[in-house]
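Peer 1: output the structure for:
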Amino acid sequence: MEVNISGSKREAARTFSEYLVNGISKNDTTHIALSGGSTPKEVFKELALYFKDAIDWSKVQFYWGDERCVPPDDGESNYKMTKDYLFAKLDVPEANIHRIYGENDPEEEAIRYGHILKKRLPTHKGLPQFDLVILGLGDDGHTASIFPYQINLWNSKKYCEVAVHPETGQKRVTLTGQIINNAREVAFLVTGTGKEQKVFEIIEKQGNYKRYPASFVLPKSGKLIWFLDADAANLVRT
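Peer 2: You can find the predicted model right below:
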């Protein structure tokens, strides 16, 4: 495990952007599973502003680690956020964008997206393999859209599952643990206050960490990187 700590959210976004661009530049094709949330939004802003011409974006195939079951023009759509802050500003071929259809029946969409992963991703040890999976961390220790009360979804034999938000009841389509942990690299991107306790428990293996889905992110490749700002890393031992 590698931990990168930046002084601010903006600095964390810049550090992560440099890491991402450097990784993409080394590959002929890079398959990336994106995350939603406010921190990835800052990364997208950085990429569009400072790295627009740094690499050939046609070499990147974009997917998502999870999606809310809403239409693609809904304000809660992870796809919409990425489109507004990244795709609209870069020269990314439409054929390279593989969104989860949040407007579809959730159960059917989980199956369809699983087929997309099987068809388009390279295979490693019998499973589809991303070059990079980007993850966030919820205040309750969830990641992708696997929540603590549905932690059993992590070990699903399916590539994708339907999760339900514990408070709103909103359905989401999410990658499962076997796909996340089969990636070449996995990167957590976590900033801000309110998550420092969960970050500490998971990284240091303290307290109730085994109850948090994020603690099960252990890629078989051994390449797990945390990108944190000072607030999120406040309790981490350095």
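Peer 1: biggest helix in the chain by residues?
Peer 2: When the chain is parsed with DSSP state H, its longest helix is helix 9-25.
Peer 1: so which elements touch that helix?
Peer 2: Other helices and strands packing on helix 9-25, by 3 or more CB pairs under 8 Å, 6 or more residues apart in numbering; DSSP states H and E, are strand 2-6, strand 30-34, helix 38-50, strand 185-190, strand 224-229. Any C-beta I mention is one placed from the backbone N, CA and C, and that applies to glycine too.
Peer 1: neighbours around residue 60, how many?
Peer 2: 21 (other CB atoms under 10 Å).
Peer 1: my guess is it contacts residue 24, does it?
Peer 2: Yes: at 5.9 Å, residue 60 and residue 24 qualify as touching, with contact defined as CB atoms under 8 Å.
Peer 1: between the two, what contacts are shared?
Peer 2: Residues touching both residue 60 and residue 24 (CB atoms under 8 Å, 6 or more residues apart in numbering): residue 30.
Peer 1: residue 143: what's it in contact with?
Peer 2: 135-137, 188, 213-214, 217.
Peer 1: hmm, try it at 6 Å
Peer 2: 135, 137, 213-214 (CB atoms under 6 Å, 6 or more residues apart in numbering).
Peer 1: re the thing from before, and of the helices and strands packed on helix 9-25, who's closest to residue 153?
Peer 2: Proximity to residue 153 (CB to CB) singles out strand 30-34 among the helices and strands packed on helix 9-25, at 16.2 Å.
Peer 1: contacting residues around residue 226?
Peer 2: 3, 188.
Peer 1: switch the cut-off to 10 Å
Peer 2: By CB atoms under 10 Å, 6 or more residues apart in numbering, residue 226 lies in contact with 1-5, 135, 137, 186-190, 199, 202-203, 217, 232-233, 236.
Peer 1: now residue 148
Peer 2: Neighbours of residue 148 in contact, by CB under 10 Å, 6+ apart: 138, 140-142, 166, 208, 211-214.
Peer 1: ok, and the most crowded of the contacts of residue 143?
Peer 2: That'd be residue 213 among the contacts of residue 143, by other CB under 10 Å, with 29 neighbours.
Peer 1: pretty sure that one sits against residue 161.
Peer 2: No: Residue 213 is not in contact with residue 161 according to CB atoms under 10 Å; the separation is 11.8 Å.
Peer 1: joint contacts of those two?
Peer 2: Common contacts of residue 213 and residue 161, defined by CB under 10 Å, 6+ apart, comprise 144-146, 150, 152-154, 174, 177.
Peer 1: among those, which lie within helices?
Peer 2: Those of the shared contacts of residue 213 and residue 161 lying in helices (DSSP H): residue 177.
Peer 1: would you reformat the shared contacts of residue 213 and residue 161 as a markdown table and include distance to residue 130, neighbour count and pLDDT?
Peer 2: Output for the shared contacts of residue 213 and residue 161, formatted as a markdown table (distance: CB to CB, whole Å; neighbours: other CB atoms under 10 Å; pLDDT from 0 to 100):
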| residue | distance to residue 130 | neighbour count | pLDDT |
| --- | --- | --- | --- |
| 144 | 12 | 32 | 98 |
| 145 | 16 | 27 | 98 |
| 146 | 16 | 29 | 98 |
| 150 | 22 | 19 | 98 |
| 152 | 23 | 10 | 98 |
| 153 | 18 | 22 | 98 |
| 154 | 16 | 21 | 98 |
| 174 | 14 | 29 | 98 |
| 177 | 13 | 21 | 98 |
